[in-house]
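> Sequence and predicted model, in that order:
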Amino acid sequence: MERNRLWTIFTIIILLTLLCFLIDSPVLPTWVPGHTWFSKQNIHLGLDLQGGTQLIYQTDTTEMPAEQRATAIEGARDVIERRVNVFGVAEPIIQTTKAGKGWHLLVELPGVKDVNAAINMIGETPILEFKEQGLPREITTSEREQIKKYNQEVLIKAEGILEQALKPGADFTALAKEYSEDTGTKDNGGDVGWFSKGMLVPEFETAVFENLVIDEITPELVKSIFGYHIIKKVDERIKEDTGLEIEMEKPEGVKIETEPVKEVRASHILIMTQSEELLQQQVNWQYTGLTGKQLKTAFVSFDPQTNEPEVSLEFNSEGAKLFGEITKRNVGKPVAIFLDNIPLSIPMVNEAILSGKAVITGSFDLIEAKELSQRLAAGALPVPIKLISQQNIGPSLGKISVQKSFIAGVLGFLIIIFFMIAYYKKRGIIAALALCIYALIVLAFFKLIPVTLTLAGIAGFVISLGMAVDANILIFERIKDEEKLGKPTIAAIHDGFKHAWTAIRDSNITTLIVCFILYYFGSGLVRGFGLTLGIGILVSMFTAIVVTKTFLELAVKD
Amino acid sequence: MFDFVFHKKKFFTISGILLLISILSLIIFGLKPGIDFTGGTMLEIEYQETSLTNNEIKDVFSNLDLGDIKIQSTGEKGYVIRLKEIDEITHQQILKLLEYPEEKKFVSIGPVIGKELTQKAKWSIGLSLIAIIFYVAWAFRKLSKISGKGESWRYGIGALLALFHDVIILLGFFSILGAFWGVEISTNFITAVLIVLGYSVNDTIVIYDRIRENLLVYRFKDMAKTINLSLNETIVRSLNTSFTTLFALLAIYLFGGASIKYFILAMMVGVGIGTWSSIAIASQLLLFKRKK
């Protein structure tokens, strides 16, 4: 019975070894059943071994609600993966890793030659977000104080400019070009053009219609909601025809009187201030959850009325649903389409849109529209990203590393086997066999899981070899002890294993704890190392307890 | 039978001297953090045919105004250049100005990463230590039943102190390497420290396990005698295991390529110190303030 049991285990071990050998072999002859599957199992080499680049991006999720962050990051990961796949890199790795409060995106592109092109391509990924209006924001006391301080500085600056403008012979146009903060009029020397009453802010109008004569500049700063104006009245005229053609049905008895309208032309220099009202009026655009993540496709289309080019967006089913909800609750309100953090277009919602289609209109020409639609179609990010770390390994360095570490690993393996046979003679040969089986099983695990093998990982493998040997040494020493007590060999083997087990178990569990911590806290290479070592320890326990024991017992019986 | 317990004082003196040197070196020199921790750029290049001279390379960088630059030649046509963190545009500009050498390795790391790494390293080492002491105290709980309450914690704390001993000496060793040979600490070093923790405690536990067994089987009243017997019984295994591992590591150290040389060295030192501390420190600490 006992003998049968041993031979059964032995057969299972041999079959397992054979299976691992088939998985480990790089090329198999075609007569082996399932050779295509076996040959497909590759060792995954890390960047330091095969060359390539590792990029780490920081994501910015401060704007979105906490519970949506994880999905947004996942979305970003998917978009970048799509992009990278277009680039044609074999086996790219794109991972999200938690880093402090935020998230990082780790992009590994093995074997990529033109790193710069890859970075540019990822960097070109547009960030597309749909935002809705939030409630007006509260202004904090510190903001209030900041505004006050800022406005005082502005006042001093504005007075300085006024002084210059009032100097005889001063060039108002040049001053406006230099100092004015009104981007609309700055470049043409502050010229506001012709306007009539009711078109501009009241303070401005009082100055030009009542206080100033032609060619006069305001002697003092005129303060409006926008800031301080220095105004020069350029011209005035009376216009009979308002230029508006209104046709309406006139009820009988009512006469429409057209009065002559006084128009003024003026220039101004604006020095902007900050005000609480303005800050409050600023739209507080809010994250809606609808981003580039849900974008299915984008293409150029034309406005049927104006024939202007525009970019049509089509959402996937999740996006269509979201877009429907957003438009439904914002009927009569604007919804902003942000591209790369800038509001690209802010259309008003007329009715709920349930078709999952949206249009970006804007003042772009056909080429711009085409470019944008292509960028969007290749994938748009739900969150902004920033490159914070880059690591490139040239292919030649990787090649040298593979050769060197392969030689070193084999050498380390041989040294261990040589030592075991020299020291423990016959039992050493059994340990050496067990170690070979160990190596085959571990390698098979590396291929199947798959574990990305790095330089440090190879070192981890050798360390785990050392630990596998340790289990054997522990057992052999214990068997020797038991034999010294005068037990017959088979009983000595049995008791030796029994006594060695607690030591093997406790010592390996502590190392497994460290592996777990490496795996859990580490990222990238460290993580891989923890996994490599952990697998090594588990397999080494198996080979020591099952393989070495069975072989030893069989050796005694025969 | 070698009387380990009798030579206790000698063991403690040797370890004490090593600890003193390490702590002094750590206070005076500290560790030299690599760009993994500080952020920065490392560029390793090699020219195929005609190479720019050291000074020409220096000029390229001083024209770009990138702060402190360290240039180190490797071989005849190769250079390792270290500078502050740069972006991809600057990187491409540098390669152009250097007339496109073969870029063997380029690493640019933002300071954010370094901060997180330091944090993670502290956490992982701290957590490992705590997890280990708890596991040891739990695994040896049977001893509390025979030898009185808290006995198993003695083992946990003994293992912990031995680990501190190992880590401090390993850090001290690298602080000396850093001060005199400019060796920097990288992520790999932290990994090595953690592995050494695992290995050293592994070694300690094998000896503790034998002490536990001898206590349970023979019920010796004399702790010193038990420790002595256990150390003598396990010493062959300890040395055999350490030497095989060290030889295997030595093979990688000599033939495994430059980039992991210090990683392997750290493990070799750690394995050596770990074996020493299991015999000379961890086991002897069990006798500390014990009533005979």
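Right, received. Where do you want to start?

> Quick check on B:Gln72: phi, psi?
Main-chain torsions, B:Gln72, degrees, to the nearest 10: phi -140, psi 130.

> so what's it closest to, chain neighbours aside?
Excluding its sequence neighbours, the residue lying closest to B:Gln72 (C-beta to C-beta, 6 or more residues apart in numbering or on different chains) is B:Val80, at 4.6 Å. In this view, the C-beta of every residue, glycine as well, is placed from N, C-alpha and C.

> same check, this time on B:Ser73
Of all residues not flanking B:Ser73 in the chain, B:Tyr79 sits nearest, at 5.5 Å (C-beta to C-beta, 6+ apart).

> just checking, the one you found is part of a strand?
Yes - under DSSP: H, G, I helix; E, B strand; the rest coil, B:Tyr79 sits within a strand.

> which residues does it bridge with?
Applying DSSP bridges to B:Tyr79 gives these bridge partners: B:Ile45, B:Ser73.

> how about the strands in chain B?
Here chain B has its strands, by DSSP state E, at B:40-46, B:70-74, B:78-83, B:102-109.

> Now do the third one: everything it contacts.
Pointing back at strand B:78-83 there. Here strand B:78-83 makes contact (C-beta atoms under 8 Å, 6 or more residues apart in numbering or on different chains) with B:35, B:40-47, B:54, B:57, B:61, B:66-74, B:104.

> and after the host helix or strand of A:Ile367, which helix or strand comes next?
Assigned by DSSP states H and E, A:Ile367 belongs to helix A:366-377. Next along the chain after helix A:366-377, taking DSSP H and E as the criterion, comes strand A:385-393.

> Give the partner strands of that next one in its sheet and their orientations.
Assessed with DSSP bridges, strand A:385-393 is paired to strand A:52-59 (antiparallel), strand B:102-109 (antiparallel).

> what's the angle between it and strand B:40-46?
40 degrees (axes from the mean of the first three to the mean of the last three C-alpha atoms, to 10 degrees).

> Please spell out which residues along strand A:385-393 are buried.
A:Ile385, A:Leu387, A:Ile388, A:Ser389, A:Gln390, A:Gln391, A:Asn392, A:Ile393 (16 or more other C-beta atoms under 10 Å in any protein chain shown).

> what does the stretch 1-150 of chain B put close to chain A?
Residues of the stretch 1-150 of chain B lying close to chain A (C-beta under 8 Å from any C-beta of the partner chain) are B:44, B:87-88, B:91-92, B:102-110, B:112-113, B:115-116, B:119-120, B:123-124, B:127-128, B:131-132, B:135-136, B:139.

> out of the residues you listed, which are buried?
For those, buried by 16+ other C-beta under 10 Å: B:44, B:87-88, B:91, B:103-110, B:112-113, B:116, B:120, B:124, B:127-128, B:132, B:135-136, B:139.

> ok, back up a step: I'd like the strands of chain B laid out as a markdown table, including distance to A:Lys498 and mean pLDDT.
Listed next are the strands of chain B as a markdown table, based on distance: least, C-beta to C-beta, whole Å; pLDDT from 0 to 100:
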| stretch | distance to A:Lys498 | mean pLDDT |
| --- | --- | --- |
| strand B:40-46 | 53 | 85 |
| strand B:70-74 | 55 | 81 |
| strand B:78-83 | 55 | 84 |
| strand B:102-109 | 51 | 82 |
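
> I'd like to know which of those lies nearest to A:Trp285.
Smallest distance to A:Trp285 across the strands of chain B (C-beta to C-beta): 33.8 Å, for strand B:102-109.

> now stretch A:65-80: mean pLDDT?
Confidence for stretch A:65-80, expressed as mean pLDDT, is 77.

> er, stretch A:98-112 actually
78.

> in it, what counts as buried?
Here stretch A:98-112 shows A:Ala99, A:Trp103, A:His104, A:Leu105, A:Leu106, A:Val107, A:Glu108, A:Leu109, A:Pro110, A:Gly111, A:Val112 as buried, counting by 16+ other C-beta under 10 Å.

> State whether the second one and A:Thr96 are indeed in contact, as I suppose.
Yes - contact status for A:Trp103 versus A:Thr96: in contact at 5.5 Å, counting by C-beta atoms under 8 Å.

> Give the residues shared as contacts by the two.
Common contact partners of A:Trp103 and A:Thr96 (C-beta under 8 Å, 6+ apart): A:Ile73.

> quick one: A:Asn120 from chain B, how far?
Distance, A:Asn120 to chain B, using C-beta to the nearest C-beta, to the nearest Å: 8 Å.

> can you tell me which residues contact A:Ala72?
By C-beta under 8 Å, 6+ apart, A:Ala72 lies in contact with A:Thr61, A:Met64, A:Thr291, A:Lys293, A:Pro382, A:Val383.

> among these, which two are most distant?
Counting by C-beta to C-beta, the most remote pair of those is A:Thr61 and A:Lys293, 12.9 Å apart.

> distance between the ends of stretch A:516-535?
11 Å (C-alpha to C-alpha, to the nearest Å).

> cool, stretch A:373-381 as well?
14 Å.

> what's in contact with that stretch?
Contacts to stretch A:373-381, defined as C-beta under 8 Å, 6+ apart, come from residues A:75-76, A:78-80, A:82-83, A:86, A:124-128, A:291-293, A:295, A:297-300, A:311-313.

> Take the buried residues of stretch A:98-112 and write them to JSON lines, including distance to B:Thr241 and secondary structure.
Formatted as JSON lines, those follow (distance: C-beta to C-beta, whole Å; DSSP: H, G, I helix; E, B strand; the rest coil):
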{"residue": "A:Ala99", "distance to B:Thr241": "38", "secondary structure": "strand"}
{"residue": "A:Trp103", "distance to B:Thr241": "42", "secondary structure": "strand"}
{"residue": "A:His104", "distance to B:Thr241": "39", "secondary structure": "strand"}
{"residue": "A:Leu105", "distance to B:Thr241": "42", "secondary structure": "strand"}
{"residue": "A:Leu106", "distance to B:Thr241": "36", "secondary structure": "strand"}
{"residue": "A:Val107", "distance to B:Thr241": "41", "secondary structure": "strand"}
{"residue": "A:Glu108", "distance to B:Thr241": "36", "secondary structure": "strand"}
{"residue": "A:Leu109", "distance to B:Thr241": "41", "secondary structure": "strand"}
{"residue": "A:Pro110", "distance to B:Thr241": "36", "secondary structure": "strand"}
{"residue": "A:Gly111", "distance to B:Thr241": "39", "secondary structure": "coil"}
{"residue": "A:Val112", "distance to B:Thr241": "42", "secondary structure": "coil"}
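
> Contact partners for the nearest residue to B:Ala280 once chain neighbours are set aside?
Spatial nearest neighbour of B:Ala280, chain neighbours left out: B:Phe11 (3.6 Å); criterion: C-beta to C-beta, 6+ apart. Taking C-beta under 8 Å, 6+ apart, we find B:Phe11 in contact with B:Phe4, B:Ile279, B:Ala280, B:Ile281, B:Gln284.

> Now for the first one, how many residues are close by?
Other residues within reach of B:Phe4 by the criterion other C-beta atoms under 10 Å in any protein chain shown amount to 20.

> Ok, the second one next?
Counted by other C-beta under 10 Å, the residues lying close to B:Ile279 total 20.

> so what's it up against?
If you count contacts by C-beta under 8 Å, 6+ apart, B:Ile279 has them with B:Phe4, B:Phe11, B:Ile207, B:Leu231, B:Ile235, B:Ser238.

> try 7 Å this time
B:Phe4, B:Leu231, B:Ser238 (C-beta atoms under 7 Å, 6 or more residues apart in numbering or on different chains).

> Can you tell me which of those lies closest to A:Ile417?
Nearest member of the contacts of B:Ile279 to A:Ile417, counting by C-beta to C-beta, is B:Ser238, at 20.1 Å.

> Tell me who's in contact with that closest one.
Contact partners of B:Ser238, counting by C-beta under 7 Å, 6+ apart, are B:Asp203, B:Thr275, B:Ser278, B:Ile279.
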